[in-house]
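Novice: Sequence unavailable; structure follows:
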């Protein structure tokens, strides 16, 4: 444990969650940590809670900035990080107490540039049952098993190492585009930063930009990261212009992946097609009048879907359900949105 790990936690209006997150981080069995809390202009009591935690643990440091979004917060954390390794944790999530120890061991074993663990979706009920709230820090055997904190198996069926090419095909282009639940070698990141001004898909572009500097990626098949399903979060809110970012990001990613691994770009176009229909689905939930006001957004969805569908290999690789929806959407977009609205909202 001689190498330091910098844990970067963007914080924005997270007063309900940040203590649970920090409790899980300070309890890590890997002790050589630098915990950087980046307060992105919170308007609630987050900053005060963070300051109290700084007093309790000398490894914690609070950085404060004007609100600029999660990418700018992570970038400030990267600028200030002094560890040989870096990981990102969202303020409303928490992690298993051996996650960093396990991921660091994977990197050492495989000589890889990053290690990824699986994650578990958790909800408010899981938050209420957190082990440290129940037992004052003592875990029962059942709680250990439930939290995914059993000792790691560093070889065999619970771990694997992939070439970067296999990682692109089987992870990145299979939907694993998150930057959390990953331990990065800081040297690999170098001067690469998250794209600012983008709120959906910024993780994907960051990971794609790292590809030329990677050779091996470690996979830990254990749900060490607990991803909180927040029904107030962006993915559950009504349409807003920032939803178009996921289309923009997949278009950019396809261009970059096409330069490195042209044989896999069709998989990126499958994801682009799906992102276009998902975004159109958000538009469909608006009233007809609101949809008229967002006509440019709909046109962008249509053009992106057409761009992806022109790749015959991508079209062939789409799930059957997406092909059926896609045919209707591309030929009769207004009808598609009306039917989707009726299905989800009842009436037009």
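Specialist: Good, I have the coordinates. Given the structure is predicted, the values throughout are model-derived calculations rather than measurements.

Novice: per-residue confidence for the nearest residue to residue 215 once chain neighbours are set aside?
Specialist: Spatial nearest neighbour of residue 215, chain neighbours left out: residue 164 (5.9 Å); criterion: CB to CB, 6 or more residues apart in numbering. Every residue, glycine included, has its C-beta placed from N, CA and C. For residue 164, the pLDDT comes out at 97.

Novice: For burial, what's the neighbour tally of residue 164?
Specialist: 21 (other CB atoms under 10 Å).

Novice: what do you get for the one 3 residues further on?
Specialist: Residues contacting residue 167 under the criterion other CB under 10 Å number 26.

Novice: any idea whether it is helix, strand or coil?
Specialist: Residue 167 carries the three-state label helix when classified by DSSP: H, G, I helix; E, B strand; the rest coil.

Novice: Quick check: it touching residue 217?
Specialist: Yes. With contacts counted by CB atoms under 8 Å, residue 167 reaches residue 217, the gap being 4.2 Å.

Novice: related to what we said a few turns ago, now do the contacts for the residue nearest to residue 215.
Specialist: Residues near residue 164 by CB atoms under 8 Å, 6 or more residues apart in numbering: 211, 214-217.

Novice: Could you do residue 42 as well?
Specialist: Neighbours of residue 42 in contact, by CB under 8 Å, 6+ apart: 11-15.

Novice: can you rerun that using 7 Å?
Specialist: Residue 42 makes contact with 11-13, according to CB atoms under 7 Å, 6 or more residues apart in numbering.

Novice: List of residues touching the helix or strand residue 301 falls within?
Specialist: Here residue 301 sits within helix 295-309, counting by DSSP states H and E. Here helix 295-309 makes contact (CB under 7 Å, 6+ apart) with 241, 244, 247, 251, 269, 272-273, 276-277, 279-280, 283, 291, 314-315, 326, 329-330, 333.

Novice: now swap in stretch 242-255 and tell me
Specialist: Residues outside stretch 242-255 that contact it (CB under 7 Å, 6+ apart): 198-201, 204-205, 208, 265, 268-269, 271-272, 275-276, 279, 282, 297, 300-301, 304.

Novice: Go again with 6 Å.
Specialist: The contact list for stretch 242-255 (CB atoms under 6 Å, 6 or more residues apart in numbering) reads 198-201, 204-205, 208, 265, 268-269, 271-272, 275-276, 279, 282, 297, 304.

Novice: and what of stretch 195-211?
Specialist: The list of residues contacting stretch 195-211 from outside it, by CB under 6 Å, 6+ apart, reads 71-72, 177-179, 192, 194, 242, 245-246, 249, 253, 256, 260.

Novice: Mind checking what secondary structure residue 220 has?
Specialist: Under three-state DSSP, the three-state class of residue 220 is strand.

Novice: Can you give me the domain boundaries for this protein?
Specialist: Domains of the chain are assigned by automatic domain parsing as 5-135+143-235, 238-345.

Novice: Can you get me the start-to-end distance on the shortest one?
Specialist: In other words, domain 238-345. End-to-end distance for domain 238-345, by CA to CA, to the nearest Å: 12 Å.

Novice: In the chain, mark out all the strands, start to finish.
Specialist: 5-11, 33-40, 60-65, 85-88, 94-95, 114-122, 159-163, 182-185, 216-228 (DSSP state E).

Novice: looking at those, which is closest to residue 322?
Specialist: When these are ranked by distance to residue 322, counting by CB to CB, first place goes to strand 114-122 at 22.9 Å.

Novice: so where is the chain shaky, pLDDT-wise?
Specialist: Scanning the chain for pLDDT under 70 picks out the ranges 1, 134-157, 231-237, 347-348.

Novice: ok, 50 please
Specialist: 139-145, 148-157, 235 (pLDDT under 50).
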